[in-house]
Every structure is written in structure tokens, then in C-alpha cells.
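Trainee: fold the following, please.
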Amino acid sequence: MSTRAINFLKKRDIPYEAVEYVHEEKGAVFASEAIGFPIERTIKTLVVDLGNKRYAMALMPGDRQLALKHIARACSVKRAAMADTATAERLTGYSVGGISPFGTKQRLPVVMEESLMKFDKVAINAGQRGIMLILSPGDIVKVLRCDVSEIAR
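Mentor: Numbers count the residues shown, from 1 in each chain. All right, here's what the predicted structure looks like:
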């Protein structure tokens with residue numbers, strides 16, 4: 001099994017465990033239940049429109065909602081909105097429901113919700129529906145050089 005996200009991690013010697021599951025519906029809740037992993041440690045990758053053709057990715061616990069005001073502040077812009085599906089897929093090169101922050105078509109700034117840092121391992125999409133990666137949140141921050149901020153409400 002190989003995806004752009006998996007190849008991205010392999011090239012950078014980041015340890016991970018890939019877990020396959022039968023993808024029947026989109027969303028972190030379904031994925032976490034399918035792989036038997038806690039929802040608060042299962043990351044959803046959201047693409048955010050920062051205005052003026054600027055975008056970022058937010059890495060959020062599956063059981064929390066993104067606070068648009070907080071992500072705007074973290075990205076030093078006045079306001080943020082969720083990117084539409086077509087834009088998210090074009091920027092990342094992945095299908096919604098399978099978006100990974102690793103190996104995206106365009107490099108986007110990434111902000112991780114700080115509460116994820118308290119876990120030793122988290123699950124995140126591998127760039128294809130039905131494959132999740134289990135790895136350290138510290139390794140995600142290191143390999144993506146992402147900011148860590150309180151962006152959940």
C-alpha cells in the first residue's frame with residue numbers, strides 16, 4: 001500500500017503504522033470507529049480559505065469543531081472560512097474524506113490544535129479513503145513545520 005502521503009513520510013524517515021479499513025462514509029468518527037482508535041486522537045484535516053487566494057490546513061481532533069476566529073488569528077488574517085470541496089481537492093490533490101496534510105499538491109501552512117500534543121500517538125489520513133496513519137503528533141509538527149495553537153472551540 002502506498003500513497004503520496006506515505007511516500008512523503010518514508011522519504012523523511014518518519015515512523016508510522018498504516019491501518020486499512022473499509023471506507024463506508026466520510027468523517028473522523030467513522031474512521032476512528034473502523035480502526036478502533038479514540039475519536040479525540042483521530043485527526044481531521046480541514047482546508048481553510050484565508051482570503052486573497054491564501055489557504056491553510058487545520059489539523060483537528062475528530063470530536064472538536066474548528067473555531068474560524070482562532071485559525072484566522074493563528075494565520076494572522078482578519079477572517080477565515082472553510083474552503084469548498086473543489087478547492088480543497090485541487091490544492092491537496094486528495095479527495096475529501098481522504099485528505100492528508102502530507103504530500104499535498106501545493107504546500108500549505110498547517111496549524112495543529114494544541115490539545116493533540118498531549119497524546120503519544122494520533123491517527124491521521126494517509127491520502128486515500130480507507131487508510132489511516134498512526135504516528136506521533138510531535139513527528140507531524142516536525143515534518144510539516146506546522147504551528148501548534150488553540151484553534152478548537
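
Trainee: contacts and neighbour counts: CA atoms only from here.
Mentor: Noted.

Trainee: contact partners for the closest residue in space to residue 20 that isn't next to it in sequence?
Mentor: Closest residue to residue 20 apart from its sequence neighbours, by CA to CA, 6 or more residues apart in numbering: residue 131 at 4.4 Å. With contact taken as CA atoms under 8 Å, 6 or more residues apart in numbering, residue 131 is in contact with 18, 19, 20, 21, 125.

Trainee: PyMOL command to pick out the buried ones of the residues you listed?
Mentor: Command for PyMOL, covering only those of the contacts of residue 131 found buried under the criterion 16 or more other CA atoms under 10 Å:
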select buried, resi 18+20+125
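
Trainee: of the contacts of residue 131, which is the nearest to residue 9?
Mentor: residue 18 (11.2 Å; CA to CA).

Trainee: tell me the bridge partners for that closest one.
Mentor: Residue 18 has these beta-bridge partners by DSSP bridges: residue 133.

Trainee: report the separation between it and residue 131.
Mentor: Applying CA to CA, to the nearest Å, the value for residue 18 to residue 131 is 7 Å.
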